[in-house]
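# Need a 3D model of the following:
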Amino acid sequence: MKKNLIIFSIIAILLCWNFVINAAINYSVRDTLSLATGSKDGVYYALAQGIEKAIENKNPSIEIIVQATEGSVENAMLLQAKSVQLAMIQNDIAYYFFNGQRMFNFPSKKMVGIASLYTEAIQIIARKELNINNVSDLKGRVVAVGSENSGTRFNAAVILSAMDFEYEDIKEICLSFNEAKDSLIYGSIDAAFITAGFPTPSISELGNKINLLSIDLETITKLRKNYPFFVYTRIPPNTYQGQLQEVFVLGVRALLVARKDLGENVIKQISQAIFTDDSKYIEKAHSVGSDISLKNVMNGLTIPLHSGAEQFYRDSDLIKQKSPRYFINIIFQYLVILFLAIIFLKNWNYIKKIVRRNIYVKLALVLLLFFLIGSFGAYFFEKNVNENFSSIYKTLWTSIVYIVSGFEDFTPITTGGKIFSLFIFIGSIGILGSVAGNFASIFLKGGEEKMPKNLNKHIAICNWNKRGDTVIRELHHPSAEPDKELIVLTDMDVNEKELRERSRKRYGNVYFIKGDPTSYETLESARVHLAKSVIILSREESDDPDPKAVLSCLAISKLANAENKPKPHIIVELMDRNNRQITLDAGADEIVSAGFYRTGIMLQSALYHKLSDIFHELLIYQENTNSFFIISKEKFPSILLGKTFQEASEIINKNRDIKNPTILIGVKRNNEVILNPPADSRYFEEKNFNTFKEGDALVVMSYKLPDLSNLKI
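Below is the predicted model:
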């Protein structure tokens, strides 16, 4: 029994000893750090309490003592005197302290940065009943300018100096935020400067008894020449009771700083607590806590970074890259981009067609280009000095507001920003004016379409008859070239409005021009000689229409030759096939004689019943019907070079597409078409065809234009 008691006692003694040792160790290594802030009614003090909870919850070995002070200037002095280890301070005051300028006689390298937290607004408030509506109205007034050793007092001095205030123009009183609030309520002061994140409790407690004053752009521009730390920011409407409009003011960045001799590991732990797991405490402490983010830690940092903070920020990039959430975000972004790219590529032809034929889409794209160039340029120059351009999203929104109603108070304040805003202005005004002009022309012209300038490689139709609408319809078939511009040149009266109302989509890229198709001047003005192809329809109302077609053909050929341009491919509809040779001599490339084809089809149909249905299907573009196509020499599958017609047919059949089966029926060589050449070598020699060679084109039958680029043996 005694033996068990002895063992139990030894174990109890060891446990107690271990507890005492651990407690002693924990106590001995616990760091107690004082954090200098501002007045207890200010944002610094409230935010510091959230920082205290975040740090202590994450690292129990660190104790933070939040210390109320008069503000930034005193905080710098406390750091210098080693009275505190941490401080919250304005970036301008930090810079002057570090470099020994303005209110500091000697430079000090003992202060280093941990992070840039948020933008503090230099808020100027005045009693509403005094009708003080701008800063110039403060002359002769009693004005609170912050505590004696505060950054607010410095801010007030430089702003009033920039507005040509003399020292005796106002009665200056140094008061804390809370004291200034009480003095405004009791009427012992007229106005106050308060540099703090918004909403500031002291101002909120005043309700609708005060006016919030804006800083004009001229003052801001003058100030930034000597004080580049100031940023242009805005206080959104309804931030305070009775504040219905946005108020534009100057701002400075609030920094969290530390003594340089503070341990690297301690600063690293502090940084981690603020920006990762326990940031919720900071967001709860004050609304500006939600503006504190890792991506902005270097914004407005005017002094060197502590090595511990720098190490954490470097590591945080590695942590971010390794986290599952990071990979999920990256994958999601790439999937969205891929999805948009697939939609874009899938509809490329349709998009290209819309852009090519629609002047408004072209103008919109140019406007978008101006908008993006101007916005990104303004962002580049303004992001560090103007809160309205502090992010890409804010910049894009500001640019949209500018295009709609002008920048007004969103005006850029840097030279570069102004240049790019001018770029947006010139582009948007010019293009919006063009759009308005085009819309006006639509109403004035009753829906007529104006032929685009510099039209080239289009399709021209000379004359108009009852088959004209059918020609337009079939030229818009997907297997044709539906995105090609079409012009119709005729001296007949065509009810263009009725045609467009019947099918706006079909006639969207069709331009009607009134004139004589045999006139050199008319053909040249309509740019017919620069077309890819010209269709000359027969004038059915004329007793002898073929001579007119010959004259048009000759005039087009002469015009192209005079300008040293390639002659367009000319197809002529003749009423009398006996005029075929003279039409070819005039420059026609193909002749279509309606009477001749009708006679041939009727004769064959008499011998082979229902043969006319086959011709009908092959000659008309319709969905789910076969048609003839020519695979041009540019798209000729190289795998068929050197192959006989039979070998080429076998290869195409072997690679038969289920959805678009293709049959080889002939070859086009030197502008001559050879259909289904027999295997007799003598026939090959007579037709100058034996095997396929460079420059040949295929004649095929399929449902739509086939792609034979991936044929395999």
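# Hmm, Q90 and T302 touching each other?
No: using C-beta atoms under 8 Å, T302 makes no contact with Q90, being 9.4 Å away. For glycine as for every other residue, the C-beta is placed from the backbone atoms N, C-alpha and C.
# Who has more neighbours out of these two?
The neighbour comparison of T302 against Q90 (other C-beta atoms under 10 Å) goes to Q90, with 30 against 21.
# what about E573, which helix or strand?
Element membership for E573 (DSSP states H and E) is strand 569-574.
# What residues of that strand count as buried?
570-574 (16 or more other C-beta atoms under 10 Å).
# Reformat those as CSV; add pLDDT and distance to F339.
Output for the buried residues of strand 569-574, formatted as CSV (pLDDT from 0 to 100; distance: C-beta to C-beta, whole Å):
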residue, pLDDT, distance to F339
I570, 91, 46
I571, 89, 44
V572, 89, 49
E573, 88, 48
L574, 87, 53
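# Let me have these in a markdown table, adding distance to Y334 as columns.
Compiled in a markdown table, those are given as follows (distance: C-beta to C-beta, whole Å):
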| residue | distance to Y334 |
| --- | --- |
| I570 | 51 |
| I571 | 50 |
| V572 | 55 |
| E573 | 55 |
| L574 | 60 |
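# Closest one of the residues you listed to N653?
Using C-beta to C-beta, I571 comes nearest to N653 of the buried residues of strand 569-574, at 31.8 Å.
# ok, now how distant is that closest one from K505?
25 Å (C-beta to C-beta, to the nearest Å).
# Over to F193?
Applying C-beta to C-beta to F193 and K505 gives a distance of 64 Å.
# got the contact list for the strand holding E573?
532-538, 546, 549-550, 553, 556-557, 580, 583, 587-594 (C-beta atoms under 8 Å, 6 or more residues apart in numbering).
# Could you please name the strands it pairs with and the direction of each pair?
strand 533-536 (parallel), strand 590-593 (parallel) (DSSP bridges).
# Listing request: residues of the stretch 501-650 of the chain with sub-threshold pLDDT.
Residue ranges of the stretch 501-650 of the chain with pLDDT under 70: 594-609, 611-612, 616-623.
# Please put the alpha-carbon coordinates of the strand ranked longest in the chain into CSV.
Taking DSSP state E as the criterion, the chain has its longest strand at strand 111-127. What follows is strand 111-127, C-alpha atoms only, in CSV (Å, rounded to 0.1, in the frame of the first residue of the first chain):
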residue,chain,number,x,y,z
MET,A,111,10.0,52.4,-38.4
VAL,A,112,9.2,49.7,-41.0
GLY,A,113,5.9,48.7,-42.6
ILE,A,114,3.7,45.6,-41.9
ALA,A,115,0.8,46.4,-44.3
SER,A,116,-1.2,49.1,-46.0
LEU,A,117,-4.7,48.6,-44.6
TYR,A,118,-7.3,50.9,-46.1
THR,A,119,-7.9,54.4,-47.4
GLU,A,120,-8.7,57.1,-44.9
ALA,A,121,-10.9,60.0,-46.1
ILE,A,122,-10.0,63.5,-45.1
GLN,A,123,-13.6,64.5,-44.2
ILE,A,124,-14.5,68.1,-43.7
ILE,A,125,-17.7,68.7,-41.9
ALA,A,126,-19.6,71.9,-41.0
ARG,A,127,-22.7,72.8,-39.0
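# Pull out the buried positions in it.
For strand 111-127, using 16+ other C-beta under 10 Å, the buried residues are 111-127.
# swap in stretch 458-478?
Within stretch 458-478, the residues that count as buried by 16+ other C-beta under 10 Å are 458-465, 468, 471-473, 475-477.
# How far does it sit from its chain's centre?
Per C-alpha atoms, centre = their mean, to the nearest Å, the displacement of stretch 458-478 from the mean C-alpha position of its chain is 40 Å.
# Not counting it itself, show me its contacts.
By C-beta under 8 Å, 6+ apart, stretch 458-478 touches 480-482, 484-490, 492, 494, 499, 503, 506-507, 510, 517, 526-528, 530-540, 548-549, 552, 568, 620-622, 704.
# Can you flag which of the residues you listed belong to helices?
Among these, the members found in helices (DSSP state H) are 499, 548-549, 552.
# Out of those residues, who's the most crowded?
A549 (28 neighbours).
# isn't that residue right up against I536?
Yes: using C-beta under 8 Å, A549 makes contact with I536 at a distance of 4.9 Å.
# Would you map the helices across the stretch 151-300 of the chain?
151-162, 177-186, 201-204, 217-226, 264-275, 279-285 (DSSP state H, counting those that start in this stretch).
# Now render those helices as TSV, adding distance to M298.
Output for those, formatted as TSV (distance: least, C-beta to C-beta, whole Å):
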stretch	distance to M298
helix 151-162	20
helix 177-186	28
helix 201-204	29
helix 217-226	20
helix 264-275	13
helix 279-285	18
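# my read is T625 is in a helix, agree?
No: remark: T625 does not belong to a helix; assigned using DSSP: H, G, I helix; E, B strand; the rest coil, it is coil.
# ok, which stretches of the stretch 601-713 of the chain are strands?
Secondary structure of the stretch 601-713 of the chain by DSSP state E, counting those that start in this stretch: the strands cover 627-631, 663-669, 672-675, 697-702.
# how about these in a markdown table, adding distance to G289?
Below are those laid out as a markdown table (distance: least, C-beta to C-beta, whole Å):
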| stretch | distance to G289 |
| --- | --- |
| strand 627-631 | 68 |
| strand 663-669 | 73 |
| strand 672-675 | 79 |
| strand 697-702 | 67 |
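# Turn the ones you listed into TSV, including mean neighbour count and distance to N265.
Compiled in TSV, those are given as follows (neighbours: other C-beta atoms under 10 Å; distance: least, C-beta to C-beta, whole Å):
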stretch	mean neighbour count	distance to N265
strand 627-631	18	73
strand 663-669	18	79
strand 672-675	12	86
strand 697-702	19	74
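# who wins for proximity to K53 among those strands?
Comparing the strands of the stretch 601-713 of the chain by C-beta to C-beta, strand 697-702 comes nearest, at 74.3 Å.
# Tell me the helix or strand right after the longest strand of the chain.
That would be, after strand 111-127 and using DSSP H and E, strand 142-144.
# Distance from the chain centre to that following strand, please.
Centre to centre, stretch against its chain (C-alpha atoms, centre = their mean), the figure for strand 142-144 is 47 Å.
# what's the closest residue in space to K128 that isn't next to it in sequence in contact with, if anything?
Using C-beta to C-beta, 6 or more residues apart in numbering and skipping the chain neighbours, the partner closest in space to K128 is N211 (5.3 Å). By C-beta under 8 Å, 6+ apart, N211 lies in contact with 125-128, 132-133.
# just these now: which is nearest E168?
When the contacts of N211 are ranked by distance to E168 (C-beta to C-beta), I132 comes first, at 18.5 Å.
# What separation do you get for the closest one and S176?
To S176, I132 is 21 Å away according to C-beta to C-beta.
# When these two are compared, which one has more neighbours?
Using other C-beta under 10 Å as the criterion, I132 and S176 rank with S176 on top: 24 against 21.
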